[in-house]
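Chemist: sequence isn't available, so here's the structure alone:
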């Protein structure tokens with residue numbers, strides 16, 4: 001039954017392979033996160049993402065172009 005479904009349709013083979021590839025990447029990233037030591041987690045939490053960045057300009061242009 002499964003042989004006909006998987007090998008009988010080339011699109012299904014590509015879909016199954018893409019799913020297996022994506023699932024492998026997700027599971028490996030999750031496994032790496034679960035197995036991470038607390039010292040490495042603390043080091044990664046202090047990466048330079050906490051630097052102050054200038055505020056982005058507002059995209060609200062309601063004052064410039066009032067509704068008609």
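Modeler: Right, received. Where do you want to start? Note that the structure is a prediction, hence the values are computed from the model and not measured. Residues are numbered from 1 along each chain as shown.

Chemist: who's in contact with stretch 22-30?
Modeler: With C-beta atoms under 8 Å, 6 or more residues apart in numbering as the contact definition, stretch 22-30 has no outside contacts at all. No exception for glycine: its C-beta is placed from N, CA and C like everyone else's.

Chemist: now do that stretch, average pLDDT.
Modeler: Average pLDDT, stretch 22-30: 97.

Chemist: kindly report the same for stretch 43-61.
Modeler: Across stretch 43-61, the average pLDDT comes to 69.

Chemist: and if you look at stretch 12-19?
Modeler: In the prediction, stretch 12-19 has an average pLDDT of 88.

Chemist: buried residues in that stretch?
Modeler: Using 16 or more other C-beta atoms under 10 Å as the test for burial, stretch 12-19 gives no buried residues.

Chemist: what about the longest helix in this protein?
Modeler: In the chain, assigned by DSSP state H, the helix with the most residues is helix 10-34.

Chemist: and the helix or strand just after that one with helix 10-34, angle?
Modeler: Where DSSP states H and E defines the elements, the next helix or strand beyond helix 10-34 is helix 38-45. Using axes from the mean of the first three to the mean of the last three C-alpha atoms, to 10 degrees, the inter-axis angle of helix 38-45 relative to helix 10-34 is 110 degrees.
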